[in-house]
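Participant: sequence first, then the predicted structure, then my questions.
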Amino acid sequence: MNLQLYNKYSVALKQKYGEKIYKIPINLPISCPNRDGTCGIGGCVFCGEEGAGFENLPNQYSVSEQIVKNISYIGKRYGAKKFIAYFQNFTNTYMPLDKFKQYMEAALQPSIVELAISTRPDCIHENYLNILKNIADETGIQISIELGLQTANYHTLAKINRGHGLAEFLDAVLRIQKYGFDICTHLILNLPWDNEVDVIENAKILSALSISQVKLHALYVLENTLLGQWYQKEEFSMISVEDYIERVICFLEYLDPNIIVQRLIGRAPKEGTLFVNWDTSWWKIHNQIEEKMRLEGRYQGRLFNYVNGSSVQKFIQ
Ligand code: SF4
């Protein structure tokens, strides 16, 4: 891993595409089956009105308008020439098939090298994957699917009203892998109902499944959400930032070193939040994680020794 503490996304992207690549967020006027009553009402307990992407352009702009506007800003600011069209907000495979095809095709502009589609495990169906496969075959564009899991602990998934369990995630991963697309999994490592054993199991499950990428977040609490109400009534407590840092490192130690790590902690807006990243900037926590790993000689994959018949390894040369 070239003395990297962990398998960094920025390095992996540069190796893959030969230059710096930036993500262009695209915001579609869509919803989520966990908000409209299809599999749940009200959404995940932490979900705000805007879904996940607080830095997006308004969804009244078309896909191509959003791409052009974002490229002219990000491209100029960072001198970037190639981009990933990132369908970030809500559930980007939750729509009729023809609409999905239209949106994906609208993102096929010359400087776009990859489509990244964020969705839920219960919204992966082969008909949608076939559309992506045809696009990839015809254009050579790369496809990656971002799956929100948050935790492999299905008791916690029920508590946070995810509207799916672990089995739906396993089904989605096995289906997507048949198409050869990259999979990025989102996890929240400080869910108050999870402990360090759950964090380790998260790492083991992603590793056993040979997931391509992972994105870690710390839980943040928005006003006007069920989680916000629980927080104000002190129905749960947050772990400390030191414990979060330890959980991230522990997770990385158990994680297959080949899995690319997109992020160690998420960014979140301050407005409308009751709790976000311990009132510390995300990059300070990010730096503290790296510093602690360096000081303690810890690195991604240090404890990745539990697959391929770990108990019979001693009989094998
Ligand atoms: S899956 Fe995403 S968009 Fe849907 S309710 Fe949960 S957090 Fe919100």
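Facilitator: Here it is on my side, so go on. Numbering: from 1, shown residues only.
Participant: next one, pLDDT for the residue positioned nearest the centre of the chain please.
Facilitator: Compute the mean C-alpha point of the chain, and by Cα atoms, centre = their mean the closest residue is H186, 3.1 Å away. In the predicted model, H186 carries a pLDDT score of 98.
Participant: could you look up the SS state of the closest residue in space to E126 that isn't next to it in sequence?
Facilitator: Counting by Cβ to Cβ, 6 or more residues apart in numbering, R175 is the residue found nearest to E126 once chain neighbours are left out, at 6.4 Å. For glycine as for every other residue, the C-beta is placed from the backbone atoms N, C-alpha and C. State at R175, reduced to three classes by DSSP: H, G, I helix; E, B strand; the rest coil: helix.
Participant: quick check: R175 vs E168, distance?
Facilitator: R175 sits 11 Å away from E168, going by Cβ to Cβ, to the nearest Å.
Participant: for L216, same thing?
Facilitator: 21 Å.
Participant: and the nearest residue to R120 once chain neighbours are set aside, what element?
Facilitator: Spatial nearest neighbour of R120, chain neighbours left out: T91 (5.1 Å); criterion: Cβ to Cβ, 6+ apart. Following DSSP states H and E, there is no helix or strand that holds T91.
Participant: which residues does T91 contact?
Facilitator: When the contact criterion is Cβ atoms under 8 Å, 6 or more residues apart in numbering, the partners of T91 are 30-34, 118-120, 123.
Participant: where is pLDDT lowest across the residues you listed?
Facilitator: Lowest model confidence among the contacts of T91 falls on S31, which carries 88.
Participant: isn't that residue right next to F90, touching?
Facilitator: Yes: S31 lies in contact with F90 (Cβ atoms under 8 Å); the separation is 5.9 Å.
Participant: ok, the two, which is more surrounded?
Facilitator: F90 (26 against 16; other Cβ atoms under 10 Å).
Participant: do you know how far the more buried one is from I117?
Facilitator: 11 Å.
Participant: residue in the stretch 101-250 of the chain nearest to the ligand?
Facilitator: Nearest residue of the stretch 101-250 of the chain to the ligand: R120, at 5.0 Å (Cβ to the nearest ligand atom).
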